[in-house]
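Enquirer: Sequence first, predicted coordinates after that:
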Amino acid sequence: MELSPQNALLQNALTSQLNSVSNNPLLEQAVGQSFGTQNDNTSSFKTVLSNTINEATESQRTAEELSRKALVGEASLTELVPAVLNAESTLRTVTAVRDRVVEAYREILRTPI
């Protein structure tokens, strides 16, 4: 199933942000310490964010598909409401992680060398 234009735009924006910050070892270290997940594996930060983005995308897809089915009478509201709430919750989580990464990056930029 193809992403809606809004979800495709969201995924592209998040992936772009992820790629721009994930190659910065200082940022990975700061965010790792901030979240309590400091690890020697430098790809773990990117992996966690990538998995979160994929989860958000998949929950959006599920909610959209159930919305379409509900419109034509193939799905009930008891299936639709939890899927939409899950998609909303996942999107909030992704947004919170993004905000935390940006905050850590800005703090690194303010740190005198």
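Expert: Great, that's in hand.
Enquirer: Buried ones in the helix or strand A63 falls within, by neighbour count?
Expert: Per DSSP states H and E, A63 falls inside helix 44-71. Residues of helix 44-71 classed as buried: 45-46, 48-50, 52-53, 56-57, 59-64, 66, 70 (neighbour count, 16 or more other Cβ atoms under 10 Å). C-beta: built from backbone N, CA, C; applies to glycine.
Enquirer: Stretch 96-111 now?
Expert: Applying 16+ other Cβ under 10 Å to stretch 96-111 flags 97-98, 101, 104-105 as buried.
Enquirer: again, but for stretch 69-89
Expert: Within stretch 69-89, the residues that count as buried by 16+ other Cβ under 10 Å are 70, 75, 80, 83-84, 86-87.
Enquirer: Counting by contacts, list what the longest helix along the chain packs against.
Expert: Counting by DSSP state H, the longest helix found in the chain is helix 77-110. Secondary-structure packing of helix 77-110 (3 or more Cβ pairs under 8 Å, 6 or more residues apart in numbering; DSSP states H and E): helix 5-22, helix 25-35, helix 44-71.
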